[in-house]
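Student: sequence first, then the predicted structure, then my questions.
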Amino acid sequence: MFRKILIANRGEIAVRLIRACRDLGIAPVAVYSEADRQALHVRLADEAHFIGPSPAAQSYLAGANIIDAARRSGAEAIHPGYGFLSERAHFARSVTDAGIKFIGPSPESIELMGDKTNARVAALKAGAPIVPGATEPLADEAAARKVAAEIGYPVMLKASAGGGGKGMRVVRSAEEMGAAFQMAGAEAMSAFGDPSVYIEKFIERPRHVEIQVLGDEYANVIHLGERECSIQRRHQKVIEECPASFNDPDLRARMGEAAVKIARAARYYSAGTIEFLVDAQRNFYFLEMNTRLQVEHPVTEMVTGVDLVREQIRVAAGEKLAIKQKDVRWKGSAIECRVYAEDPDRNFLPSPGRITRLRVPSGPGVRDDGGVYEGWEVPLFYDPMISKLATWGSTRAEAVARMKRALGEYQIGGIRTTIPFFLSVLDDEEFARGEIDTGYIARFLERQNAKAAANDGDDARIAAAIVAAIDITKRSKANTSAAPAERMSKWKMAGRIASLNNRKR
Ligand code: MV4
């Protein structure tokens, strides 16, 4: 086993990786940029090395600086976390060439899955279902029209080098194809430096369901079931669950087998995720593979009891997977909310600044993966996620109830967060019934806006004034130090008005 690991990341994931190191008796080495001199991960590690100025391009994305730091510290391995350098084949190769172990898949696996049409071909060859469409990038507009006529409209054009929603275009008829093909190509070129696009049948209102896989260097590959990730806003996940409420053991086994076949085809070792779209008829289609540890991994850990980071590190050290497929069990239900320093009342505008007060929830079934502390200033250079709050329950309803309890306990002062928004989603009946797909958040926000407009009458204003007054009284009694501009969140207000209205009836 390694004695020392360098963690090439920051924030909550760096803290998560440090914890895994501690559990394994490994010394964690942190790296930090100018903006992160005082960051939590720097304080928790055994040693920390400066890697450059605040902009990520000059620090957390500067592979050579990170490899230098690893050499200086004597770390035998580098864990890239997620984002930053985690899916750069070139970085994985440079690490290996420097005689350091990259804790992740091979550069070849990363490269194969990074090209979305190659990934489709690999999945097809492995015998997994892919979205109907072409397996090659489109040569020209005529080719796009030809495939679209075969598979039928609507279709979707996607960037071959893409992923994550950039350079995507829905085309609903032959008339729209010309303009859409030009636009998708131009967008792909500007976003990825590669204009090539491919075509797929457009799946209406799909669910986004992903399968967690784990492999080792002895060709063992297992799956740990699915995560439901349909609750997204602008291609950013906000709530994830394990298991998916609509799923059953048969579909889980079939999706799991498909995922394992794809991972095997990529000669995958390490933790990885196979993304699928699931349509209303419960058909599933391979979408893409993420060759890294994912943000939402804790919900799988809570339900399966498998420590994914521990396994990743063990496998990188040349050990065999500790679990066999037949021993994987799923117990209960877990849900995760990504708590962001964003203002849900201002269209999720980032809200960086000093955290003047922090009280983190705990108690039965609660796990908070945080990356901040009271008194620290959230920098504006990076993703403003401050923690991932996950809860477990024996049923989905219990996990959700515990999430509401935990969100209610959370106290974060000095900055705006997405907590009130989560409380309002968790109170939504469609969410409670599990009626979710990739369009859920957009529809939810529209419904909330419609409600807010309808609530604009006198009744609502009086009610709002009363609840605001009660709130101020409560606050002064509790003597909590409220942030300066402590207007009540629109979401909190909507919840209180709703409960007043319910009480009237
Ligand atoms: C699709 C699709 C419908 N049909 N492909 C968006 C991100 C990228 N990874 C794939 N995406 C989609 N691909 C076909 N053929 C709908 C989406 C999609 C989506 C997928 C997952 C999660 C959220 C989404 C939101 C909008 C569209």
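Tutor: Cool, the structure landed. Bear in mind that the values here come from a model prediction, so they are computed numbers and not experimental data.

Student: the stretch 151-300 of the chain against the ligand: which residues are in contact?
Tutor: 156, 163-165, 200-203, 206, 208, 232, 235, 277, 287-288 (CB under 6 Å from any ligand atom). The way it works is simple: take the backbone N, C-alpha and C, and place the C-beta from them, glycine included.

Student: list just the nearest of the residues you listed to H90.
Tutor: Comparing these against H90 with CB to CB places G163 closest, at 17.0 Å.

Student: any stretches of the protein with poor pLDDT?
Tutor: Counting by pLDDT under 70, the ranges of the chain that qualify are 164, 457-488, 492-505.

Student: find the centremost residue of it, please.
Tutor: Geometric centre of the chain, nearest residue: V295, 4.4 Å, by CA atoms, centre = their mean.

Student: and that residue, how close does it get to Q232?
Tutor: From V295 across to Q232, the span is 12 Å (CB to CB, to the nearest Å).

Student: also T438?
Tutor: Distance of T438 to Q232, given as CB to CB: 6 Å.

Student: next: S362.
Tutor: For S362, the distance to Q232 - CB to CB - is 28 Å.

Student: which of these two has more residues huddled nearby?
Tutor: Neighbour count, other CB atoms under 10 Å: between S362 and Q232, Q232 has more, with 18 against 11.

Student: re the thing from before, shared neighbours, T438 and Q232?
Tutor: Residues touching both T438 and Q232 (CB atoms under 8 Å, 6 or more residues apart in numbering): H208.

Student: next SSE downstream of the longest strand along the chain?
Tutor: Longest among the strand segments of the chain by residue count, using DSSP state E, is strand 221-233. Going down the chain from strand 221-233, the next helix or strand is strand 236-242, by DSSP states H and E.

Student: what's the first helix or strand after that following strand?
Tutor: Downstream of strand 236-242, the first helix or strand assigned by DSSP H and E is helix 249-265.

Student: buried ones in that next one?
Tutor: Neighbour counts over helix 249-265 (16 or more other CB atoms under 10 Å) mark L251, R252, M255, G256, A258, A259, V260, K261, I262, A263, R264, A265 as buried.

Student: which residues sit against that helix?
Tutor: Here helix 249-265 has contacts from 122-123, 125-129, 209, 211, 213, 215, 219, 221-223, 225-226, 243, 272, 274, 276, 282, 284, 286, 289, 330, using CB under 8 Å, 6+ apart.

Student: out of those residues, which sit inside helices?
Tutor: Of the contacts of helix 249-265, the ones assigned to helices by DSSP state H are A122, A123, K125, A126.

Student: with A62 as the reference, measure out to A271.
Tutor: A271 is 25 Å from A62, by CB to CB.

Student: higher neighbour count, those two?
Tutor: More crowded of A271 and A62, by other CB under 10 Å: A271, with 26 against 21.

Student: ok, the more buried one touching V306?
Tutor: No: contact criterion CB atoms under 8 Å: A271 and V306 do not qualify, at 9.8 Å.

Student: overlap in contacts of these two?
Tutor: With CB under 8 Å, 6+ apart as the test, A271 and V306 both reach L214.

Student: residues of the stretch 1-150 of the chain that sit close to the ligand?
Tutor: Counting by CB under 6 Å from any ligand atom, the stretch 1-150 of the chain comes close to the ligand at V131.

Student: which parts of the stretch 1-150 of the chain are strands?
Tutor: Ranges of strands in the stretch 1-150 of the chain, per DSSP state E, counting those that start in this stretch, are 4-7, 27-33, 47-52, 77-79, 101-102.

Student: can you check the stretch 351-500 of the chain too?
Tutor: 353-354, 357-359, 366-370, 377-378, 385-393, 411-413.

Student: export the strands of the stretch 1-150 of the chain as CSV, with columns for mean neighbour count.
Tutor: Below are the strands of the stretch 1-150 of the chain laid out as CSV (neighbours: other CB atoms under 10 Å):
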stretch, mean neighbour count
strand 4-7, 27
strand 27-33, 24
strand 47-52, 19
strand 77-79, 27
strand 101-102, 21
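
Student: dump those to CSV, plus distance to R367.
Tutor: Formatted as CSV, the strands of the stretch 1-150 of the chain follow (distance: least, CB to CB, whole Å):
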stretch, distance to R367
strand 4-7, 20
strand 27-33, 20
strand 47-52, 25
strand 77-79, 20
strand 101-102, 28
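
Student: quick one: closest of these to S351.
Tutor: Of all the strands of the stretch 1-150 of the chain, strand 27-33 sits nearest to S351, with 20.6 Å by CB to CB.
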